[in-house]
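*Asks:* Sequence unavailable; structure follows:
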């Protein structure tokens, strides 16, 4: 009888720990989505004509706010 009570108590504690972990995961994902949406991401297509295919590179300078 005593072992049954101990087992049910352990199962109850594990259940609540799992619920807390799932809740923490959901909250942290929500905070991450909110944080990442604070920034503007832009895609830019750059075309460049090169004379020598061996020596072609594109450089970008400046920060877009």
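*Replies:* That came in fine, so what should we check first? Here the structure is a predicted model, which is why all the values come from computation and not from measurement.
*Asks:* quick one: pLDDT of the most centrally placed residue in the chain?
*Replies:* In the chain, the C-alpha nearest the mean C-alpha coordinate belongs to residue 32, at 6.0 Å (Cα atoms, centre = their mean). We note a pLDDT of 94 for residue 32 in this prediction.
*Asks:* in this structure, which ranges drop under the pLDDT threshold?
*Replies:* Scanning the chain with the threshold set as pLDDT under 70 gives 1, 48-65.
*Asks:* can you give me the helices for it?
*Replies:* Along the chain, the stretches classed as helices by DSSP state H are 2-36.
*Asks:* Against residue 35, how distant is residue 8?
*Replies:* Spatial separation of residue 8 from residue 35 under the definition Cβ to Cβ, to the nearest Å is 41 Å. For the C-beta atoms, the positions are set from N, CA and C on the backbone; glycine is no exception.
*Asks:* Same check on residue 4?
*Replies:* Here the criterion is Cβ to Cβ. By it, residue 4 lies 47 Å from residue 35.
*Asks:* got it, and residue 45?
*Replies:* Residue 45 is 28 Å from residue 35, where distance means Cβ to Cβ.
*Asks:* Tell me which of these two has more neighbours.
*Replies:* Neighbours per residue, other Cβ atoms under 10 Å: of residue 45 and residue 35, the larger number sits with residue 35, 9 against 4.
*Asks:* In contact with the more buried one, which residues?
*Replies:* Remark: with contacts taken as Cβ atoms under 8 Å, 6 or more residues apart in numbering, residue 35 is in contact with nothing.
*Asks:* Equivalent analysis for residue 36, please.
*Replies:* If a contact means Cβ under 8 Å, 6+ apart, then residue 36 has no contacts.
*Asks:* With residue 41 instead?
*Replies:* With Cβ under 8 Å, 6+ apart as the criterion, no residue contacts residue 41.
*Asks:* Would you list the phi and psi of it?
*Replies:* phi -110, psi 130 (degrees, to the nearest 10).
*Asks:* can you check residue 44 too?
*Replies:* As for residue 44, its main-chain torsions (degrees, to the nearest 10) stand at phi -130, psi 130.
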